[in-house]
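Colleague: the sequence and its predicted three-dimensional model are supplied below.
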Amino acid sequence: DGGITQSPKYLFRKEGQNVTLSCEQNLNHDAMYWYRQDPGQGLRLIYYSQIVNDFQKGDIAEGYSVSREKKESFPLTVTSAQKNPTAFYLCASSMTGKVFAFFGQGTRLTVV
Amino acid sequence: DQQVKQNSPSLSVQEGRISILNCDYTNSMFDYFLWYKKYPAEGPTFLISISSIKDKNEDGRFTVFLNKSAKHLSLHIVPSQPGDSAVYFCAAMATDSWGKFQFGAGTQVVVTP
């Protein structure tokens, strides 16, 4: 059945290491998004992509990088430049022209 | 600066009664507003939306009201059910920034028997 898959659900990394979070969708959606959620805060947009091979920075892109080589995939790399990487990361996708998005189950990243 | 605010972090309501969740925004360019519902350890799921050309949108037990002059929207859930216990996020977007949603911090709703 169709949906968005984020893997892994939990991820632990040592400080200073880059880590890549996976996001795959089989909904045939053009747009994909990465959000970050911290306790007591709303979701904040990191990067988004409206079409393959194109992406734009969101509100908190510093210390993150993305690629969109395939329609189905939008991996997020948390680099060592991200000062506070420990958070819950959510990937989403939406159909062109639709305002609402479908979200994955999230990846909780803990950097120690 | 937070452009979308949900000032009530939590709300407790009795089963069968009305739940009213509030959301305020500061950016007058926002013209699409959404509500999402989120259970623990899951991603948010879309609930209902409204565009700025309307002041009310209804879907079953859920109704969203938009007051553009006050930059305020609310979500009414009638009647509240135990399965409605979740965190509700308000989100807003401007057409010229399609896809760039601003989210509020969320309101935890607990429906009691």
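Modeller: That came through, no problem.
Colleague: might you enumerate the residues of chain A proximal to chain B?
Modeller: By C-beta under 8 Å from any C-beta of the partner chain, the residues of chain A that approach chain B are A:4, A:6, A:31, A:33, A:35, A:40-45, A:48, A:50, A:58-59, A:90, A:92, A:94, A:99-106. Glycine gets a C-beta too; all of them are placed from N, C-alpha and C.
Colleague: again, 7 Å this time
Modeller: Contact residues (C-beta under 7 Å from any C-beta of the partner chain) of chain A with chain B: A:31, A:33, A:40-43, A:45, A:48, A:50, A:58, A:90, A:99-100, A:103-106.
Colleague: now the buried members of these.
Modeller: Buried by 16 or more other C-beta atoms under 10 Å in any protein chain shown: A:31, A:33, A:42-43, A:45, A:48, A:50, A:58, A:90, A:99-100, A:103-104, A:106, out of the residues of chain A next to chain B.
Colleague: ok, so of these, who is nearest residue B:74?
Modeller: Distance to residue B:74, by C-beta to C-beta, is smallest for residue A:42 among those, at 16.9 Å.
Colleague: now do the contacts for the residue lying closest to the closest one once chain neighbours are set aside.
Modeller: Closest residue to residue A:42 in three dimensions, ignoring its sequence neighbours and counting by C-beta to C-beta, 6 or more residues apart in numbering or on different chains: residue B:103, at 3.4 Å. For residue B:103, the contact set (C-beta atoms under 7 Å, 6 or more residues apart in numbering or on different chains) comprises A:42-43, B:4, B:89, B:91.
Colleague: among the residues you listed, which ones are in strands?
Modeller: Among the contacts of residue B:103, the residues falling in strands (DSSP state E) are A:43, B:4, B:89, B:91.
Colleague: so who does the second one touch?
Modeller: Just to be clear, that refers to residue B:4. Residues near residue B:4 by C-beta under 7 Å, 6+ apart: A:42, B:23, B:25, B:90-92, B:102-104.
Colleague: hmm, which two among the residues you listed are most spread apart?
Modeller: Farthest pair in the contacts of residue B:4 (C-beta to C-beta) is A:42 and B:25. Separation: 11.8 Å.
Colleague: centroid residue for chain A?
Modeller: residue A:34 (3.0 Å; C-alpha atoms, centre = their mean).
Colleague: residues of chain B that sit close to chain A?
Modeller: Listed as neighbours of chain A in chain B under the rule C-beta under 7 Å from any C-beta: B:4, B:32, B:34, B:42-44, B:46, B:49, B:89, B:93, B:99-101, B:103-106.
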